[in-house]
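Chemist: Please find the sequence and the predicted model below.
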Amino acid sequence: MDYLKLTFSEVAEQAQEVLIAQLSEFNFIGFEQKDTFLLAYAEEGTVQQADYKSLTETHSCTQETIPEVNWNEKWERDFEPIIIKDQVAIRAHFHEEITSVKHEIVVTPKMSFGTGHHATTQLMLEQMATLDLQDATVFDYGTGTGVLAIYAEMLGAKKIIANDIDPWSKENAIENAERNKCTKIDVRLGGIDIVPEESFDCILANINLNVLRASMEQLIAKLNKGAKNLILSGVLQENREDIINLVIMYNIDYQVFAKDKWLCIHLKH
């Protein structure tokens, strides 16, 4: 499978974060941030040029098609381990073991979003580390690499359902779950409707604001009542008012956390 690669040049850090949020809404699923430029990737045929044309016209941008194997080789070359305090580390299979944390997740670094490098994934992991998930049921909405689902099992969850609309992500999540010897994760291909189950103890949604808007009612309906958890991320700080206005509609207690221009909202039903 070939991929569309966009290279945005001379883009400041804050502008990169905004571009990532915008491109995520148009099915771009992989990003690399450098000092002054941003690389964005999408499966060829899954994006429409008309959707992102205004972004390429307002920034210095080049486009090219690259084969899958080149992407994987580059990703493996550039991938570095991530450590979240003393709680959890994420590394590739070719890195040395990290023993200074309670849990270690080993992933095969590919195109799927959620290797731990992005602030939104780190925010989710930090909040998950505060939870008691022993014997809990968990829904990982938009699983990407499967990192959050894997961590949920490591924290004691007895059943995790993870979904993604991207076939690549489904395959990668299954591969990563197997690599970490996980046996309680059910990975499904499709949107929220592919998960008809309800009464989850914890729901994880590291996605984008538009999807959260469209799915919030269904997510709330799937959440057990009584000191349980819904953790949302993928929202820029500039959209804080939008996400708060959405959350307060449901009269649920919440806390907001921030990192590198991004927000994480932890709700308790």
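Modeler: Nice, I can see it.

Chemist: so residue 22 touches residue 55, yeah?
Modeler: Yes - with contact defined as Cβ atoms under 8 Å, residue 22 reaches residue 55; the gap is 6.2 Å. (C-beta placed from N, C-alpha, C; glycine too.)

Chemist: I'd like the next helix or strand past the helix or strand that contains residue 235.
Modeler: Per DSSP states H and E, residue 235 falls inside strand 229-236. Using DSSP H and E, the next helix or strand after strand 229-236 towards the C-terminus is helix 240-248.

Chemist: ok, and what's touching whichever helix or strand comes after that following helix?
Modeler: Moving toward the C-terminus from helix 240-248, the next helix or strand (DSSP H and E) is strand 253-259. For strand 253-259, contacts defined as Cβ atoms under 8 Å, 6 or more residues apart in numbering pick out 119, 122-123, 126-127, 237, 240, 244, 247, 263-268.

Chemist: And stretch 134-144, by the same measure?
Modeler: 112-114, 146, 148-149, 152, 155-165, 169, 172-173, 187, 192, 195, 197, 199-207, 211, 215, 219, 222.

Chemist: tell me which residues in that stretch are buried?
Modeler: Within stretch 134-144, the residues that count as buried by 16 or more other Cβ atoms under 10 Å are 136, 137, 138, 139, 140, 141, 142, 143, 144.

Chemist: Would you tell me which one of the residues you listed comes nearest to residue 96?
Modeler: residue 144 (24.4 Å; Cβ to Cβ).

Chemist: Which of the helices or strands spans that closest one?
Modeler: Here residue 144 is assigned to no helix or strand, by DSSP H and E.

Chemist: Tell me the backbone dihedrals of it, please.
Modeler: phi 60, psi -120 (degrees, to the nearest 10).

Chemist: cool, the one 5 residues further on as well?
Modeler: Its backbone dihedrals place residue 149 at phi -60, psi -40, with angles given as degrees, to the nearest 10.

Chemist: After the helix or strand of the chain with the lowest mean pLDDT, heading C-terminal, what element do we hit next?
Modeler: Across the helices and strands of the chain, mean confidence by mean pLDDT, DSSP states H and E is lowest for helix 68-78: a mean of 67. Remark: after helix 68-78, the chain's next helix or strand is strand 82-84, criterion DSSP H and E.

Chemist: Give the other helices and strands that that next one contacts.
Modeler: If contacts are counted by 3 or more Cβ pairs under 8 Å, 6 or more residues apart in numbering; DSSP states H and E, strand 82-84 sits against strand 88-92, helix 119-128.

Chemist: If you drop the residues flanking it in sequence, what lies closest to residue 242?
Modeler: residue 209 (6.3 Å; Cβ to Cβ, 6 or more residues apart in numbering).

Chemist: distance of the one you found from residue 235?
Modeler: 5 Å (Cβ to Cβ, to the nearest Å).

Chemist: Between those two, which contacts overlap?
Modeler: Common neighbours of residue 209 and residue 235 (Cβ under 8 Å, 6+ apart) are 242, 243.

Chemist: residue ranges of the helices in this structure, please?
Modeler: Taking DSSP state H to define them, one finds helices in the chain at 13-24, 49-58, 68-78, 119-128, 147-154, 167-179, 209-221, 240-248.

Chemist: What's the mean pLDDT across stretch 169-184?
Modeler: Averaging pLDDT along stretch 169-184 yields 94.
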